[in-house]
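Colleague: Got a sequence here, can you model it:
(one chain, ligands or ions: 2)
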Amino acid sequence: MSMIAAFYGGKSILITGATGFLGKVLMEKLFRTSPDLKVIYILVRPKAGQTLQQRVFQILNSKLFEKVKEVCPNVHEKIRAIYADLSQNDFGISKEDMQELLSCTNVIFHCAATVRFDDTLRHAVQLNVTATRQLLLMASQMPKLEAFIHISTAYSNCNLKHIDEVIYPCPVEPKKIIDSLEWLDDAIIEEIAPKLIRDWPNIYTYTKALGEMVVQQESRNLNIAIIRPSIVGATWQEPFPGWVDNVNGPNGLIIAAGKGFLRALKATPKAVADLIPVDTVVNLMLAVGWYTAVHRPKSTLVYHSTSGNLNPCNWHKMGVQVLATFEKIPFERAFRRPYANFTSNNFTSQYWNAVSHRAPAIIYDCYLRLTGRKPRMTKLMNQILRTASMLEYFINRSWEWSTYNTEMLMSELSPEDQRVFNFDVRQLNWLEYIENYVLGVKKYLLKEDMAGIPEAKQHLKRLRNIHYLFNTALFLIVWRLLIARSQMARNVWFFIVSFCYKFLSYFRASSTLKV
Ligand SMILES: CCCCCCCCCCCCCCCCCC(=O)SCCNC(=O)CCNC(=O)[C@H](O)C(C)(C)COP(=O)(O)OP(=O)(O)OC[C@H]1O[C@@H](n2cnc3c(N)ncnc32)[C@H](O)[C@@H]1OP(=O)(O)O
Ligand SMILES: NC(=O)C1=CN([C@@H]2O[C@H](COP(=O)(O)OP(=O)(O)OC[C@H]3O[C@@H](n4cnc5c(N)ncnc54)[C@H](OP(=O)(O)O)[C@@H]3O)[C@@H](O)[C@H]2O)C=CC1
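Modeller: Ligands and ions are numbered 1, 2, ... in the order given. Purely as a prediction, here's the structure:
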């Protein structure tokens, strides 16, 4: 019997960010392994014209939850969506709902955050710092609370090279920042933001670091743990391989590469590609929740959910495998044949951007204009290049994350728990994982049918022929111009022609002799 699964039985669990990528996989696993849990409270806001109930309905009826419905048929009754907007100071939760949350909650998983790299400082602080403080305040009023699990990111201290499982102080106190944002106006905030974030690459990682400090400062006598995942990728095994649901991180770039838009990337091929499957992160979260509640460590423990030091893979290997998968399982209606040129050199990268990205987009837009259609490729290309440039920081560096606490926890688990809540990334086969990942992007993000693969392959063949034709025509035009204008080019041309002629004459003469 799994001790972790048994621990969550009969419990009331509060999850923030349950409608997000990590949150959905967390809920799925909880319902599947502990169907006898009492209730999962989720803090949700209405979004995109959908009510809370519609959002929950959509999640529970998605493919991700198919297995859950078999194990826990009354899953609808065990999920309680509570209206909350974490960007409001009191979350906007009603009095009755607040009362229920305060009196019943046993475990909190705090996943909600703004993960946009370019968010405004005000919004990012509100969500990643102030909301965390507010939730801790609520937690301190929960008599039945056994554990509070805060999800941070392995990159919250990416200004360091070696990162231990400890909370590092930030140069400016989070409280000072929260207070000053109350009276500063937006224009001034955006002006001081670069000075505040110093050597952090973006507002997201900076505010996640501030969030950790808040956890440390406001922990009171709560049982708290922090989990720091690196780049969270598609599911590895559970509930099935390759599940993804948003275009964040690698997903958007895989789409852009598979569709032939993005053919070169400023990336250091040998840098560690620290991806971690989302189900691995979730298994660690559930194990940490159990350990924190049952063993009550004296201080706040930090757990790294990373792959780099246990089972490293680099961007070169990843790129090669992604391309190999595109050959086997191509995406439909590609713009160009997929290709991945990784270069860490600035000049080469600029060159590829001009030749491989901007030029084809401009040519295609001209073609659209000439055929009376609206040009769109340049705009799309600019967006893809902007996203790629925002991710550049993370694909041109390697970090060392120590994993003592994560390994300690692994050794504390029973063999059954190690199997059911497996977070041992050493068992991950990267080639298999990446293939399933790309397949998952095709199936679950792009919603492409597998029956379309032969047509997609035919399309790629046509693109290859167009590519050869285009290159040959371009070469001939350039060469013709050169010959017309340069004596040296004419000399080279004469040399090549006479060499070929001599070679052919020799070949003909020797074959006549043999006969
Ligand atoms: C062979 C090649 C091999 C490839 C190898 C892969 C390499 C992977 C490298 C990955 C490195 C990732 C590092 C992350 C590290 C930090 C870890 C965390 O904690 S981070 C935590 C995770 N956080 C992150 O990862 C956040 C990172 N992302 C961001 O912060 C922002 O997206 C942005 C600032 C980069 C661009 O903002 P902006 O320009 O405003 O663009 P919006 O986003 O607003 O999108 C606008 C619309 O376009 C849509 N769409 C977009 N892309 C694609 C696509 N490719 N396709 C289709 N659609 C796409 C999008 O859905 C939206 O549609 P709609 O809703 O309007 O209908
Ligand atoms: N994905 C990754 O690569 C990594 C993620 N992490 C961390 O993991 C956690 C989860 O990330 P992930 O699932 O990928 O992110 P998502 O963007 O998929 O999910 C974010 C969640 O937060 C919720 N949320 C955002 N703003 C509000 C708000 N104002 N009120 C209520 N809820 C809100 C979203 O709700 P809604 O659906 O309404 O928008 C959503 O449920 C985050 O803390 C992130 O920092 C750490 C490392 C890497």
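
Colleague: Now the residue in the stretch 401-515 of the chain positioned nearest to ligand 2. Its backbone dihedrals?
Modeller: Closest residue of the stretch 401-515 of the chain to ligand 2, C-beta to the nearest ligand atom: residue 401 (11.9 Å). For the C-beta atoms, the positions are set from N, CA and C on the backbone; glycine is no exception. In terms of degrees, to the nearest 10, the main-chain angles of residue 401 are phi -110, psi 120.

Colleague: next one: residue 91
Modeller: For residue 91, the backbone dihedrals (degrees, to the nearest 10) come out as phi 70, psi 0.

Colleague: Could you check how far it is from ligand 2?
Modeller: 8 Å (C-beta to the nearest ligand atom, to the nearest Å).

Colleague: What distance do you get for that residue to residue 59?
Modeller: Taking C-beta to C-beta, to the nearest Å as the measure, residue 91 falls 20 Å from residue 59.

Colleague: Let me know whether my guess that residue 302 is in a strand holds.
Modeller: Yes. Assigned with DSSP: H, G, I helix; E, B strand; the rest coil, residue 302 falls within a strand.

Colleague: Figure out how far the helix or strand residue 55 falls within is from the centre of its chain.
Modeller: Following DSSP states H and E, one finds residue 55 within helix 52-60. How far helix 52-60 lies from its chain's middle: 23 Å, per C-alpha atoms, centre = their mean, to the nearest Å.

Colleague: Could you list the buried residues of that helix?
Modeller: 52, 55-56, 59-60 (16 or more other C-beta atoms under 10 Å).

Colleague: Report all helices and strands that it contacts.
Modeller: Judged by 3 or more C-beta pairs under 8 Å, 6 or more residues apart in numbering; DSSP states H and E, helix 52-60 is in contact with strand 39-44, strand 79-83.

Colleague: Redo those strands as JSON lines? Include mean neighbour count.
Modeller: Conversion of those to JSON lines gives the following (neighbours: other C-beta atoms under 10 Å):
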{"stretch": "strand 39-44", "mean neighbour count": "23"}
{"stretch": "strand 79-83", "mean neighbour count": "18"}
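
Colleague: Show me the chain divided up by domain.
Modeller: 3-241+272-310+399-420, 457-514 (automatic domain parsing).

Colleague: Residue 9 against residue 34, yeah?
Modeller: Yes. Counting by C-beta atoms under 8 Å, residue 9 does reach residue 34; the two are 5.3 Å apart.

Colleague: what about these two, which has more around it?
Modeller: Legend: neighbour count by other C-beta atoms under 10 Å for residue 9 and residue 34, higher for residue 34 (22 against 12).

Colleague: Contacts only, for that one.
Modeller: 5-9, 11 (C-beta atoms under 8 Å, 6 or more residues apart in numbering).

Colleague: quick one: which of those has the most company?
Modeller: Among the contacts of residue 34, residue 8 has the most neighbours (other C-beta under 10 Å), with 25 neighbours.

Colleague: thinking again about what came up before, residue 354 is nearest to which of the helices and strands packed on helix 52-60?
Modeller: Among these, the nearest to residue 354 by C-beta to C-beta is strand 39-44 (45.0 Å).
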